[in-house]
Each structure stands twice: as structure tokens, then as C-alpha cells.
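Curious how this folds, go ahead:
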Amino acid sequence: MTSKWTKTSITFLMGDDLVHPVRIALNNGVAEPTSDQIEAFGSYLADLTGLTFRHANVTTQNDVA
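Coordinates of the predicted model:
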């Protein structure tokens, strides 16, 4: 079986409101983002928005044949 990367989505959850966080979603990112890359980009978003970077959800889709 082989797998072919098709899409990676990363949703960054920002802000201090635990009930209503600000979500910033990026689609079609790199195939296998590392935790260091995600943390660094979350820090960039925090600097740009003034919001606290809380965490990120990463979803990767592959075609398996």
C-alpha cells in the first residue's frame, strides 16, 4: 500500500476566552508540519494579532492505494 499526501489543515486557537476562542485556519499547508514549525507560526500569529496562542489542531488527509 502506498499513500499520497493530499491536504493538511491547521487550525490555530487564539485568545484568552476559553468558551469563544479565535480560530485561524490554514489549508493546504506542508505535508508533515513539525511541532516546532507549528509553534513558531503560532507565535507569529500571536505577535501579529496581539492574541495568546493556545494550541493548534492538525489534520492531514492522504490517499491510500
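
how about the nearest residue to residue 26, chain neighbours excluded?
Excluding its sequence neighbours, the residue lying closest to residue 26 (Cβ to Cβ, 6 or more residues apart in numbering) is residue 10, at 4.9 Å. Using the backbone N, CA and C atoms, a C-beta is placed for each residue, glycine as well.

Residues in a beta bridge with that neighbour, which ones?
Here residue 10 sits in beta bridges with residue 26, residue 58, going by DSSP bridges.

Mind listing what's buried along the strand or helix carrying residue 55?
Using DSSP states H and E, residue 55 sits in strand 53-64. Buried positions in strand 53-64, judged by neighbour count with 16 or more other Cβ atoms under 10 Å: 53, 56, 60.

check contacts around the last one.
Right, the one you point to is residue 60. The contact partners of residue 60, by Cβ atoms under 8 Å, 6 or more residues apart in numbering, come to 5, 7, 8, 9, 31, 32.

thought the first one was touching residue 29?
Same thing as residue 5. No - in this structure residue 5 lies outside contact range of residue 29 using Cβ atoms under 8 Å: 10.5 Å.

Please report the distance of the residue positioned nearest the centre of the chain from residue 57.
Closest to where the C-alpha atoms of the chain average out (Cα atoms, centre = their mean) is residue 10, at 2.5 Å. To residue 57, residue 10 is 7 Å away according to Cβ to Cβ, to the nearest Å.

Would you mind checking which of the contacts of residue 60 is nearest to residue 23?
Nearest to residue 23 among the contacts of residue 60: residue 9, at 11.4 Å, using Cβ to Cβ.

so what pLDDT did residue 18 get?
Looking at residue 18, its pLDDT stands at 88.

and if you look at residue 29?
We have a pLDDT of 77 for residue 29.

Enumerate every residue touching it.
8, 9, 10.

What's opposite residue 64 in the beta bridge?
When assigned by DSSP bridges, residue 64 has beta-bridge partners residue 3.

residues contacting it?
Neighbours of residue 64 in contact, by Cβ under 8 Å, 6+ apart: 1, 2, 3.

What of residue 61?
So residue 61 contacts 5, 6, 7, 8 (Cβ under 8 Å, 6+ apart).
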